[in-house]
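In: Okay, structure incoming, though there's no sequence with it:
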């Protein structure tokens, strides 16, 4: 089973056509040479890959973030989905 970072990396590599070595936690979208519409496309691909919806507010915050910020956001969203109801 792959980690969230590995899955995000695979999507980023596919969407931005960059080398896997360029995708790391502190890499931001500018370093990955992605413009805002490309980042929006990445978020759409992430939503599909992870079966989630990224809210407009979260997308605005993530636009100014890094790969690591996106991974953290996904970890939190996934944890919310699998928390048991008591």
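Out: Received it, and whenever you're ready, just let me know what you need. Because the structure is predicted, anything quoted here is derived from the model rather than measured.

In: Which elements pack onto the one helix or strand residue 72 maps to?
Out: In the assignment (DSSP states H and E), residue 72 maps to helix 67-82. In terms of contacts (3 or more C-beta pairs under 8 Å, 6 or more residues apart in numbering; DSSP states H and E), helix 67-82 is packed against helix 4-16, helix 36-50, helix 56-63. For the C-beta atoms, the positions are set from N, CA and C on the backbone; glycine is no exception.

In: Pull out the buried residues from stretch 59-79.
Out: Across stretch 59-79, burial judged by 16 or more other C-beta atoms under 10 Å covers 59, 62, 65, 66, 67, 69, 70, 71, 73, 74, 77.

In: Could you measure from the closest residue to residue 12 other than its chain neighbours over to residue 14?
Out: With C-beta to C-beta, 6 or more residues apart in numbering as the criterion, residue 12 has its nearest non-adjacent residue at 4.9 Å, and that residue is residue 23. For residue 23, the distance to residue 14 (C-beta to C-beta, to the nearest Å) stands at 11 Å.

In: one step back: could I get the helices and strands packed on helix 67-82 as JSON lines with mean pLDDT and distance to residue 28?
Out: Output for these, formatted as JSON lines (pLDDT from 0 to 100; distance: least, C-beta to C-beta, whole Å):
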{"stretch": "helix 4-16", "mean pLDDT": "97", "distance to residue 28": "12"}
{"stretch": "helix 36-50", "mean pLDDT": "97", "distance to residue 28": "10"}
{"stretch": "helix 56-63", "mean pLDDT": "96", "distance to residue 28": "10"}
